[in-house]
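Asks: got a predicted model here, sequence first, then my questions.
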Amino acid sequence: MTEWKKVEEVKKDEEVGKEVNLRGWVYRERSTSKVAFITIRDSSGIIQCVFKKGTPGFEEAKDTKIESSIKIKGVVEKDERAPEGYEIKGKEMKHYQKADKFPITEDPSTSFLMDVRHLWLRSTKINKMLKARENTLSYFRDFFKEREFHEIQPPLLTQAGVEGGSTLFDLDYFDETAYLTQSSQLYLEAFMTSLEKVYCIAPSFRAEKSRTSKHLTEYWHLEAEMAWYNNKDNIKFQEEMISYVANKLAEENKKTLKYFGRNPEDLKKIKPPFRRLSYTEAIEELQDKKINIEWGEDFGSGHEKALTENIEKPLVIYNFPKKIKPFYMPEEKGEKETVLCNDILAPEGYGEIIGGSERIWKLEELLKRLEETSTDKNAYEWYIDLRKYGSVPHSGFGLGIERVLSWLFNREHIRETIGFPRTINRVYP
């Protein structure tokens, strides 16, 4: 039985002189009358293979095209002139499939690359980002596991909105109206009454007509709900989570971070506590900077950028006005109508990455807020039930995976952090 090696496994001094078998795709190819150079790629990386005239694989190598699927036998050699420091002296090459002429050439437009995203996934940049995404998610999961959370799987179809009706995708559900979920929060609150500390990593959908570099219509949402946590506990937990993941990346993913232009030392500085501002203090700070905003207005991307310029760690803003936040957030005692909540803004203008709050847990208060916001209680009867049978103080938050990745890996646009981005004008392929 043939022993197949991964490309990264053979790029080692101890492999030099050994005969190896590789399989993958043609990443680059060029040839002369006497020699053919094939760069083969697999999921782990790329390596150059050299076939000299007269070897069994020479003619096959000369007759290949980019992205053909192939298998190669050869001997590992060390050569500082080779792109990866090692190369394969080719002996044999066979095609699994000879590709058509690959449509992606030099200097393609962004629009074209989005049209052929199913092919562009093969690029080194997206390959590395998909691995970076996988590693980042594994660190989040490690963090929750260490703190004895339970990962759950909530429904994506619902009849209850969380963030307001204007951004709901609705659909006909067997003669009833249903929605793609904006957030799994309400269901996590139900799971919490069984398991106490729960989280999920699942898609959420927002029908926002936004064309900014920070918005997707379908994105991945990390959400958590914790029994017995108040707002301060919640913020502290969020700080520790972000710091844990940033530092794990800095320790274990240095090469990938540097590839994307992020200095690992930047992420090592992400340690709690973060700077904290009340919403009122943040408004005052913006006004001191001569930025036009009044108390009671929500922050736009320009405001978030102004608040986070020249800081190295994320910024916590807490206790926003009640009128700009959802119905489930409890009021803070004080002169102004604010609620017990927080946002975390990433530095360098990457904007909001987390939104969290205490949750209203008393039945009378929840009913009052539903009435104040003119929310139809019929879709929330099951949620109201949670306040009738053993309700407890609790808090939770939601984190946008793609926004966090954009910040951690220094990406200009959120679409760079997901395999098939869905935006206001993109649902193909």
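Replies: Everything's here; your move. This structure is a prediction, so every number in the text was calculated from the model and none was measured.
Asks: mind checking how far the helix or strand where residue 23 lies is from the chain centre?
Replies: Using DSSP states H and E, the secondary-structure element containing residue 23 is strand 19-31. Centroid displacement of strand 19-31 relative to its chain, using CA atoms, centre = their mean, to the nearest Å, is 31 Å.
Asks: by contact count, what packs against it?
Replies: Strand 19-31 makes packing contacts with helix 7-10, strand 35-42, strand 45-52, helix 58-62, strand 69-78, strand 86-97 when contacts are defined by 3 or more CB pairs under 8 Å, 6 or more residues apart in numbering; DSSP states H and E. For every residue, glycine as well, the C-beta is placed using N, CA and C.
Asks: could you redo the last one with a cut-off of 6 Å?
Replies: In this structure, strand 19-31 makes packing contacts with strand 35-42, strand 69-78, judged by 3 or more CB pairs under 6 Å, 6 or more residues apart in numbering; DSSP states H and E.
Asks: looking at those strands, which is buried most?
Replies: With neighbours defined by mean count of other CB atoms under 10 Å, none of the helices and strands packed on strand 19-31 is more surrounded on average than strand 35-42, at a mean of 22.
Asks: is residue 77 bridged to anything, and to what?
Replies: Taking DSSP bridges, one finds residue 87 as the beta-bridge partners of residue 77.
Asks: on that earlier part again, so which of the helices and strands packed on strand 19-31 comes closest to residue 171?
Replies: Nearest to residue 171, of all those, is strand 69-78, at 39.0 Å by CB to CB.
Asks: identify the residues contacting that closest one?
Replies: Taking contacts as CB atoms under 6 Å, 6 or more residues apart in numbering, the residues outside strand 69-78 that touch it are 10, 15-16, 18-23, 25, 49, 86-97.
Asks: now it: average pLDDT?
Replies: Confidence over strand 69-78, taken as the mean pLDDT, stands at 98.
Asks: try stretch 8-26
Replies: When pLDDT is averaged over stretch 8-26, the result is 97.
Asks: which parts of the strand holding residue 23 are buried?
Replies: Residues of strand 19-31 classed as buried under the neighbour-count rule (16 or more other CB atoms under 10 Å) are 20, 22, 23, 24, 25, 26, 27, 29, 31.
Asks: of all the residues you listed, which comes closest to residue 160?
Replies: Of all the buried residues of strand 19-31, the one sitting nearest residue 160 is residue 25; the distance, using CB to CB, is 45.9 Å.
Asks: to residue 315, which of the helices and strands packed on strand 19-31 lies closest?
Replies: Comparison of the helices and strands packed on strand 19-31 against residue 315 by CB to CB identifies strand 35-42 as nearest, at 40.6 Å.
Asks: domains in this structure, by residue range?
Replies: Residue ranges for the domains of the chain, per automatic domain parsing: 7-97, 117-417.
Asks: export these as JSON lines, with columns for distance to residue 109.
Replies: Shown next, in JSON lines, are those (distance: least, CB to CB, whole Å):
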{"stretch": "domain 7-97", "distance to residue 109": "19"}
{"stretch": "domain 117-417", "distance to residue 109": "12"}
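Asks: tell me which of those domains sits nearest to residue 425.
Replies: That would be, of the domains of the chain and by CB to CB, domain 117-417, which comes in at 7.6 Å.
Asks: give the contact list for residue 240.
Replies: residue 272.
Asks: show the contacting residues for residue 271.
Replies: Taking CB under 6 Å, 6+ apart as the definition of contact, the neighbours of residue 271 are residue 243.
Asks: cool, and residue 426?
Replies: Residues in contact with residue 426 (CB under 6 Å, 6+ apart) are residue 114.
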